[in-house]
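With the sequence up front, the predicted model follows.
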Number of protein chains: 4
Amino acid sequence: MNKLYEASTAEGFIDFINMQDLEQEAEKVIPKGGYGYISSGAGDIFTYRENERAFNHKLIIPHVLKDIELPDTTTEIYGETLTAPIIMAPVAAHGLANVAAERASAKGVADFGTVFTASSYASCTLEEIRAAGGEAAPQWFQFYMSKDDGINRDILAMAKRNGAQAIVLTADATVGGNRETDRRNGFTFPLAMPIVQAYQSGVGQTMDAVYGSSKQKLSPADVAFIAKEADLPVYVKGVQSEEDVARALDAGAQGIWVSNHGGRQLDGGPASFDSLQIVAEAVAGRVPIVFDSGVRRGQHVFKAIASGADLVAIGRPAIYGLALGGQTGVKQVFDFFKKELEMVMQLAGTQDVAAIKKAVLRENRYM
Amino acid sequence: MNKLYEASTAEGFIDFINMQDLEQEAEKVIPKGGYGYISSGAGDIFTYRENERAFNHKLIIPHVLKDIELPDTTTEIYGETLTAPIIMAPVAAHGLANVAAERASAKGVADFGTVFTASSYASCTLEEIRAAGGEAAPQWFQFYMSKDDGINRDILAMAKRNGAQAIVLTADATVGGNRETDRRNGFTFPLAMPIVQAYQSGVGQTMDAVYGSSKQKLSPADVAFIAKEADLPVYVKGVQSEEDVARALDAGAQGIWVSNHGGRQLDGGPASFDSLQIVAEAVAGRVPIVFDSGVRRGQHVFKAIASGADLVAIGRPAIYGLALGGQTGVKQVFDFFKKELEMVMQLAGTQDVAAIKKAVLRENRYM
Amino acid sequence: MNKLYEASTAEGFIDFINMQDLEQEAEKVIPKGGYGYISSGAGDIFTYRENERAFNHKLIIPHVLKDIELPDTTTEIYGETLTAPIIMAPVAAHGLANVAAERASAKGVADFGTVFTASSYASCTLEEIRAAGGEAAPQWFQFYMSKDDGINRDILAMAKRNGAQAIVLTADATVGGNRETDRRNGFTFPLAMPIVQAYQSGVGQTMDAVYGSSKQKLSPADVAFIAKEADLPVYVKGVQSEEDVARALDAGAQGIWVSNHGGRQLDGGPASFDSLQIVAEAVAGRVPIVFDSGVRRGQHVFKAIASGADLVAIGRPAIYGLALGGQTGVKQVFDFFKKELEMVMQLAGTQDVAAIKKAVLRENRYM
Amino acid sequence: MNKLYEASTAEGFIDFINMQDLEQEAEKVIPKGGYGYISSGAGDIFTYRENERAFNHKLIIPHVLKDIELPDTTTEIYGETLTAPIIMAPVAAHGLANVAAERASAKGVADFGTVFTASSYASCTLEEIRAAGGEAAPQWFQFYMSKDDGINRDILAMAKRNGAQAIVLTADATVGGNRETDRRNGFTFPLAMPIVQAYQSGVGQTMDAVYGSSKQKLSPADVAFIAKEADLPVYVKGVQSEEDVARALDAGAQGIWVSNHGGRQLDGGPASFDSLQIVAEAVAGRVPIVFDSGVRRGQHVFKAIASGADLVAIGRPAIYGLALGGQTGVKQVFDFFKKELEMVMQLAGTQDVAAIKKAVLRENRYM
């Protein structure tokens, strides 16, 4: 445990009704600087707020007499059956929320039965993460590239050695957004970043310094480089337009990750959900689509899948579960989303994930 | 009276100006768990709030010089003349609001002169309800099916024996919505459900357990089954789309009930009023349409009828009237809607219900 | 002075910046029941609020280099030159605001130099009103018809004898709206209504009783009757649609008054300003158009004229001026609107009222 | 220093996160009357509020894999290279904010490296302003014309003698807007206006008197007069429509300045940003476009340039910086905008200002 930063040591069952509860409770146990880093958005938090509000732009039509019972949330990716089309988003430094860090979150996610995406800026090594989740647990690796390709090769090799099934290239954070809460809190990372220690120690760094140490000048060539070096599917994360779909796929991406980084990067841009359909139409089924940013309800998962996502990634809620309940809390958060999704599926008359994909949402004309 | 749940025993005239008053006063006399169950909506209560707000999506144009005086609110259904096109929606467990339960509400509704829809989850027997309302009072029966068709036959026979003129199959609640207020209150039903006692005792059950005991896997075959067994018109309740109109009518439904269960089931779906015109255009006059969810004003009744409804059902307001004034209070609530409707009819230049149906609402471009 | 209702006796200069100030100050000097009657709207006050908000639906484009200086607000009607295209709307019972009642308001309006529309429900006789304003002052008479045509002939003769240049048939209040504030306050009229005393004493009556004593069953024949009996132009007040323009003009109306009665009658209908352009297109210049409801700024007057109104009527603000400053206060209110209108005309590049009528407003796409 | 008006004497580094901070802190150091004059908008401040809110009407699409690093904010105008496409707007009486007045602001702007637009109503002489900024600093002169052309010739000669590279004719303030805060504060100018002393002393004058002393009757002939007398490019400031673009360019304007005077003139008109694209399409690249009103973020600068502006002018924020930090504070404000703009450029995948101009914003359908 870092002496100056006293993260939670909680482990065990959490009592909560919804994700708003969880966020409120988490604020009480996560040190202020860490909570500010995790919870806040960029600038005037317009885009941050729109992320969640945007789900009301499309409406789920309840359907009746559809002969539905016990809907099935399972889905498949790379030969793995996931408990639900809900995966763990890459989030830096789980150690900010709980001293057990990614060891606990990877275990909770594995117990639930879905993909854990390990962040380059994790507080644990990939070996620790893999050991916690178990060799059978599906795991992807989120990559912040070094400016040095030798280091990049080493990190990719490490990820592959530790079972990564895909590489997620975060491309929307080549500089940090204007995260004013961090500046008000004078926040610097209190924890090490062992995975990227070859180019970034982490400890005592501001976010701007962290982003400054990684590669800004990302280009299609980087996608090709990663695909070749890792020989794994590469997701480009941060895609919100047709143009970027074309650039990413032309460069060899085998997955598209629609995200605005949880409203933490460019304020004044669209809600991630509002970009999803645009991206999905451009992808046209050629590669899988992962969606994140603003997901707090099972109905959000449903709407994302009905709008073209194959998988929906959860970030902050899982971290709040980690802070309050360790691995148990993380699993509870995924269980919450699954349970709400099942309810929505039943009421919307969709027996399985394939049926959700065919569901037609109704445009909300009154927003 | 249930010893642990002290429902109101009020009977007599209530002093109120509008339904907002009534709700506020009702909260003071209904025990917290019961009030939470009755009043609350699902999830983030987006859909619940939209239900009432949506009436502002269409505007009534006042019309002048139309030679109107003393507008006539009466309407007919199945040969009965109703005082107004306003009927009692099925609401579970009136005993939560008043110890006189459905005995009082059925009497108040009969005194007003309209249809009482008895819920499967009523706190009284159908015999008691019929005795209270009187044999001449029009009564429909709302059905939550058992998983056992023998029980279903028995219940339908009971309904028919007690004068039901139509069966309302609630199809939008095959599982309970995420009713967080009930979970926060730790609410369980304090009262018995005598009508469905063959498959559900009611007492001490959570809502999830109640819904779990009835049939989830509703299909068109159930509509056909009911129609055949009861030999009565079957309304499918919870229809919000063209697709469901087609499925229900193809299955033999002889009525469509547009509803989102008062915003208590699927949050993130459309306001019920926003679905009404879509449904009405699909029905195209083939069968009667009942509308509910969010009605709090005479202008809402007018807008619903002008948008295609034949009858408008009132739920929570009547229950608040029951809590505060017993049968007298229930009748006062219906009188309130009738009086406001008359005022709107006069100002909109519509002499009777047929004229309301021809009224053209103006789309509100500024919501 | 009525002993139980102590209206203001104020006379003299008022210090105010805008109409919001005036309303706040007026609340302090008008007895509660009277203030509630004057200020409030119907039902959920949706339409009341929309009345003012709707002016933001269209935007005035400032225009530069238009060679404008000292814009001219004068306009003509029936051979009279008015100081500005702003007239006094008919408002019942000015005695609620000031013991000097219509004697003061008619004088203030005459001093400003525009039309005073006397209400049938005025607190003074038409003789008193004419004496106060002076024979040269333009005056119109607002008519609430009796159910007895003999009485109607007498009242019209009285109006004509007292110099009325036009008759305004209020057609949108054949019953009272659901004015809940009046019911909460238990408000009854504390003052006599001398003009209509042949059918309605006024004193001690509720609004519902007042409206009930006048004629509900207005029809095109009434327009024809008034036009014939009075041999004066008849305005139909309360028109908000093409259909009603046609009905009124076919019946012989020689003016159209767009209004929703200040949001006091039918809640759930459109803002008056949103109906203006529709009505103006239907009128197509055949007769003059008066507009009221929600006008609180010079820019509102400008927007109404640019949307088709010939004259804009002011109600509540003038009554607040009357309460706080008697005839002086009333004139100050009209001066306020004129001064703001001049500023807007200068900045919008419109030298005179004819230029305002040609101004093109920009649709606000973002409401 | 004026004895009755104690302006700030601050000089040095300010600690702030964003412009909202700066405004709040500035309120503490600027005397009430001066702060009211600087900060407030006209009438109901609808247009004032829309100015900032309107930037959300268009959304910046983040773009990835664009091979961007260290974006370049420089731009050129009249052969000068500016540090960023951000210039100082003309603001009257900097002496209200800081005793060092335009001497400090001109120096801060010159240190940043961009255009300083001197107001006709400056608290310093043009000689003082030029001496402070230095001869090499680009400077424009904002002109409020006298009614006397002899005086106008003298002022233009003075501007030219002091290095003005362009003349900005403010055409949207031929009378003052309804600035109610000034009237509530009883605000009169406490300071002299040396540049226009030949027609306006400034001291002790209300804003209405100040505007009244300058020329109201502006016309295309004035543009031609200035262009001829000064032999410099003339910008017409206050243009918001196609019609005015045509009138200004026909008159010989060589620049268009889109502005609504910071929401201080005509309330009820469009947000300046909402007019920008309309104006830019009408200008069609024939002359440079400057944009102001509501700019508080780097993303606003980006959106304005992507919508057709060549330069973006900053007013109030620079004055707040002046109040809190003198010349240092002014430069910090410009640095703030540049830094945020660089971040946005990086995240939007735009290497330089030319790339911003080609960026396609996404219409926000949900406002």
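Cool, the structure landed. Numbering: from 1, shown residues only, chains lettered A, B, ... in the order given.

Determine the three-state secondary structure at the residue of the stretch 201-350 of chain A found nearest chain B.
With Cβ to the nearest Cβ as the measure, the residue in the stretch 201-350 of chain A that lies nearest chain B is A:Q299; the distance is 3.7 Å. All C-beta spots, glycine's among them, are computed from the backbone N, C-alpha and C. Three states are possible here, and by DSSP: H, G, I helix; E, B strand; the rest coil the one that applies to A:Q299 is helix.

and it, how many neighbours?
The number of residues packed around A:Q299, counting by other Cβ atoms under 10 Å in any protein chain shown, is 29.

List the contacts of it.
A:Q299 is in contact with A:55, A:60, A:340, A:344, B:43, B:266-268, counting by Cβ atoms under 8 Å, 6 or more residues apart in numbering or on different chains.

between those residues, which is closest to D:V330?
A:F55 (43.1 Å; Cβ to Cβ).

ok, and the closest non-adjacent residue to the closest one?
Closest residue to A:F55 in three dimensions, ignoring its sequence neighbours and counting by Cβ to Cβ, 6 or more residues apart in numbering or on different chains: A:H300, at 4.9 Å.

Just checking, which helix or strand of chain A averages the lowest pLDDT?
helix A:207-213 (a mean of 89; mean pLDDT, DSSP states H and E).

quick one: that helix near chain D?
No: remark: helix A:207-213 sits outside contact range of chain D, by Cβ under 8 Å from any Cβ of the partner chain, the gap being at least 9.7 Å.

CA atoms of that helix as CSV?
C-alpha atoms of helix A:207-213 as CSV (Å, rounded to 0.1, in the frame of the first residue of the first chain):
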residue,chain,number,x,y,z
MET,A,207,-1.8,13.0,-16.2
ASP,A,208,-0.3,15.4,-18.7
ALA,A,209,3.1,14.0,-18.1
VAL,A,210,1.8,10.5,-18.4
TYR,A,211,0.2,11.2,-21.8
GLY,A,212,3.3,13.1,-22.8
SER,A,213,5.5,10.1,-22.2
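
That one: how far from the chain's middle?
Taking Cα atoms, centre = their mean, to the nearest Å, one finds the center of helix A:207-213 at 20 Å from the center of the full chain.

quick one on the thing from earlier: so the residue nearest to A:F55 sits against A:F291, correct?
No: using Cβ atoms under 8 Å, A:H300 and A:F291 do not qualify as a contacting pair, with a distance of 9.4 Å.

on that earlier part again, residues in contact with the least confident helix or strand of chain A: which ones?
Helix A:207-213 is touched from outside by A:37, A:121, A:173-176, A:179, A:182, A:187, A:189, A:193, A:199-200, A:202, A:205, with contacts defined as Cβ under 8 Å, 6+ apart.

Quick test: name the residue nearest the centre of chain A.
Most central residue of chain A, judged by C-alpha distance to the mean C-alpha position with Cα atoms, centre = their mean, is A:A89 at 1.9 Å.

Quick one: the helices in the stretch 1-150 of chain A, in order.
Remark: helices assigned in the stretch 1-150 of chain A by DSSP state H, counting those that start in this stretch are A:19-29, A:32-39, A:46-53, A:101-112, A:126-133, A:149-161.

winner for burial among those helices?
Of all these, helix A:101-112 carries the top mean neighbour count, a mean of 26, counting by mean count of other Cβ atoms under 10 Å in any protein chain shown.

Mind giving me the packing neighbours of it?
Contact here means 3 or more Cβ pairs under 8 Å, 6 or more residues apart in numbering or on different chains; DSSP states H and E; on that basis helix A:101-112 packs against strand A:86-88, strand A:116-118, helix A:126-133, helix A:316-348.

for that helix, the distance to its chain's centre please.
14 Å.

which residue sits closest to A:A348, ignoring its sequence neighbours?
In this structure, A:A348 finds its nearest non-sequential neighbour in A:I60, 5.3 Å apart by Cβ to Cβ, 6+ apart.

Same question for A:G43.
Leaving aside its chain neighbours, A:G43 sits nearest to A:D267 (3.2 Å; criterion: Cβ to Cβ, 6+ apart).
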